[in-house]
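In: Let's see this in three dimensions:
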Amino acid sequence: MAGQQDPSAEPAPTETAGTGPAGGSAPAVPTHTPRRPPTHRAHGDARGTSAPAALDTRAAPSDPGKPEKPAKADKPAKKPRDPLLDNARAILIALVVVGHTIESNDNAYLDILYTWIYSFHMPAFVAISGFLCRSYRNEPRQVSRLLTGMLLPYLIFQVLHSIESDLLDGNPITVSLWHPAWTLWFLLALTFWRVFSPILRSLRYPLVFAVAISVLAPLEADLDTVLTWGRVLSFLPFFVLGLMCTPEMLAKIRDVRWGRAIGAAAFACALVVAAITHDMFSNDIFTMSRSFSENDLGNVYGMVTRLLVLICGTILTIAMIMVAPRRHHWFTALGVESLTIYLIHPLLLQIPRDLGWFDAMTSNLDAVMLVVGALLLVLILSRAPIVKVLSWITSPPIGHLLVREPAASAAGPARR
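Out: Take a look at the predicted model:
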């Protein structure tokens with residue numbers, strides 16, 4: 001990534017463009033809160049690596065009388081990024097910010113838009129994260145990126161959220177690391193999913209296992225009380241879906257005949273359904289952060305609802321791959337710099353949210369202004385100077401201090 005790394009990033013394959021495997025690191029972004037929770041407070045990508053380069057032992061020594069120094073390993077070449085996935089994440093991170101801006105507003109049109117956004121944007125983000133995590137093997141370099149790209153930013157921004165929230169509320173400043181603030185659940189969930197990905201890949205039927213976990217987890221009344229385990233388990237099928245997907249599968253989805261028209265039709269149908277049903281249920285069914293009992297759902301009805309939500313998220317995730325542009329565009333940078341956007345925008349939105357400014361903007365003109373303002377915020381936070389300045393807290397460059405590098409081979413050439 002030219003700048004900031006996304007917490008969901010791994011090498012992005014470009015077989016979909018017919019150029020062979022490719023990589024790079026790029027979130028998921030991405031993020032959830034229940035609908036209209038103005039009282040919710042702060043207390044409430046690991047980079048994959050290519051195969052190590054072989055030591056070059058073919059060069060002749062400069063002095064035959066002296067022992068030859070061991071050759072240095074070449075640095076892994078940076079692989080080209082797949083613009084399809086960056087463009088998809090650009091769309092999704094923009095929807096994340098729009099969703100967080102309008103979530104406590106009472107405008108009917110914004111309520112429909114909110115329901116539509118939350119029916120697919122996090123499932124798609126999580127699935128893309130799983131796809132980009134296929135090369136993760138808990139190797140030292142990957143663990144370093146895991147710590148500096150996800151776990152450390154979580155700790156830093158958890159503290160910042162807690163301080164901001166307590167100052168706005170006039171409360172004594174306290175910090176809780178066990179209950180992720182607002183959007184930070186995604187970083188923590190990605191950390192768990194990524195660490196467990198080698199185990200998930202070894203299962204015979206990982207998707208069946210993940211769906212069963214997601215459907216059964218909300219039977220526990222205290223779901224999601226500590227370390228966002230509720231969402232870790234509930235969104236697991238989407239991560240496994242991406243983890244099990246191959247570049248060839250992705251290419252088939254992208255290249256299906258009339259794919260863009262089919263994908264656009266799927267999103268249009270979802271918007272119509274959201275317009276008809278948005279006031280019939282709580283959007284908590286999409287955030288998947290609460291147990292069935294907390295959402296006043298019976299166990300059987302809750303499990304059926306969860307299955308329908310998983311199916312809906314899967315269909316619209318596929319639709320997102322179909323409609324996402326396949327080449328570099330001016331907005332591709334939004335997907336590349338999605339980590340900065342994801343981490344910073346909640347800190348900026350928390351102030352007007354707590355002061356009730358968004359709640360008071362209920363006219364249709366106000367609704368348009370909120371959406372446009374959210375998109376402008378996305379553009380501003382993706383600018384290179386801002387990304388560079390904030391990189392010290394969004395991705396602290398201290399991985400070499402935390403993870404021991406593998407020892408380089410010191411063996412010289414065999415004596416004749």
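In: Tell me which stretches of the stretch 301-416 of the chain form strands.
Out: For the stretch 301-416 of the chain, no strands are identified by DSSP state E, counting those that start in this stretch.
In: quick one: low-confidence parts of it?
Out: 407-416 (pLDDT under 70).
In: how does it look with 80?
Out: 405-416 (pLDDT under 80).
In: Then the stretch 151-300 of the chain?
Out: Checking the stretch 151-300 of the chain against pLDDT under 80 turns up 224-225.
In: how much space between L92 and I173?
Out: As for L92, its distance to I173 is 33 Å (criterion: CB to CB, to the nearest Å). To be clear about C-beta, it is placed using only N, CA and C from the backbone, and glycine gets the same treatment.
In: And those two? Which one has more around it.
Out: Counted by other CB atoms under 10 Å, L92 and I173 do not tie: L92 has more neighbours, with 27 against 11.
In: Now do the same contact list for S382.
Out: A333, L334, V336, E337, T340, I341 (CB atoms under 8 Å, 6 or more residues apart in numbering).
In: The same query, at a cut-off of 10 Å, please.
Out: By CB atoms under 10 Å, 6 or more residues apart in numbering, S382 lies in contact with 3-4, 90, 93-94, 331-338, 340-341.
In: out of those residues, which one sits closest to M280?
Out: Closest approach to M280 among the contacts of S382 (CB to CB): A94, at 27.1 Å.
In: which residues touch the spatially closest residue to the closest one that is not a sequence neighbour?
Out: Among residues not flanking A94 along the chain, V378 sits closest, at 5.0 Å (CB to CB, 6 or more residues apart in numbering). Going by CB under 10 Å, 6+ apart, V378 touches 90, 93-98, 331, 334, 337-338, 341, 345.
In: The stretch 51-200 of the chain: helices as residue ranges?
Out: Per DSSP state H, counting those that start in this stretch, the stretch 51-200 of the chain carries helices over the ranges 83-102, 108-118, 121-131, 140-146, 152-169, 185-202.
In: Return the most buried member of those helices.
Out: Most buried of those by mean neighbour count (mean count of other CB atoms under 10 Å) is helix 121-131; its value is a mean of 29.
In: which helices and strands does it pack with?
Out: Under the contact criterion of 3 or more CB pairs under 10 Å, 6 or more residues apart in numbering; DSSP states H and E, helix 121-131 touches helix 83-102, helix 185-202, helix 236-244, helix 247-254, helix 284-287, helix 299-323.
In: Nearest to S363, out of these?
Out: Going by CB to CB, the one of the helices and strands packed on helix 121-131 nearest S363 is helix 83-102, 13.3 Å.
In: Looking at the closest one now, give me its mean pLDDT.
Out: The pLDDT scores in helix 83-102 average 96.
In: Specify the angle between it and helix 121-131 in degrees.
Out: 150 degrees (axes from the mean of the first three to the mean of the last three CA atoms, to 10 degrees).
In: other SSEs contacting helix 83-102?
Out: Looks like helix 83-102 contacts helix 108-118, helix 121-131, helix 247-254, helix 299-323, helix 332-336, helix 338-354, helix 357-360, helix 364-381 (3+ CB pairs under 10 Å, 6+ apart).
In: CA atoms of it as PDB?
Out: Output of helix 83-102 as PDB, limited to C-alpha atoms (Å, rounded to 0.1, in the frame of the first residue of the first chain):
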ATOM      1  CA  PRO A  83      -7.800  -2.900  -8.300                       C
ATOM      2  CA  LEU A  84     -11.100  -4.900  -8.200                       C
ATOM      3  CA  LEU A  85     -10.800  -5.600  -4.500                       C
ATOM      4  CA  ASP A  86      -9.500  -2.100  -3.700                       C
ATOM      5  CA  ASN A  87     -12.500  -0.600  -5.600                       C
ATOM      6  CA  ALA A  88     -14.900  -2.900  -3.700                       C
ATOM      7  CA  ARG A  89     -13.400  -1.700  -0.400                       C
ATOM      8  CA  ALA A  90     -13.600   1.900  -1.600                       C
ATOM      9  CA  ILE A  91     -17.300   1.500  -2.000                       C
ATOM     10  CA  LEU A  92     -17.700  -0.300   1.200                       C
ATOM     11  CA  ILE A  93     -15.700   2.100   3.400                       C
ATOM     12  CA  ALA A  94     -17.700   5.000   2.000                       C
ATOM     13  CA  LEU A  95     -20.900   3.200   3.000                       C
ATOM     14  CA  VAL A  96     -19.400   2.600   6.500                       C
ATOM     15  CA  VAL A  97     -18.900   6.300   7.000                       C
ATOM     16  CA  VAL A  98     -22.300   7.200   5.600                       C
ATOM     17  CA  GLY A  99     -24.000   4.500   7.800                       C
ATOM     18  CA  HIS A 100     -22.300   5.900  11.000                       C
ATOM     19  CA  THR A 101     -23.300   9.400  10.000                       C
ATOM     20  CA  ILE A 102     -27.000   8.700   9.600                       C
END
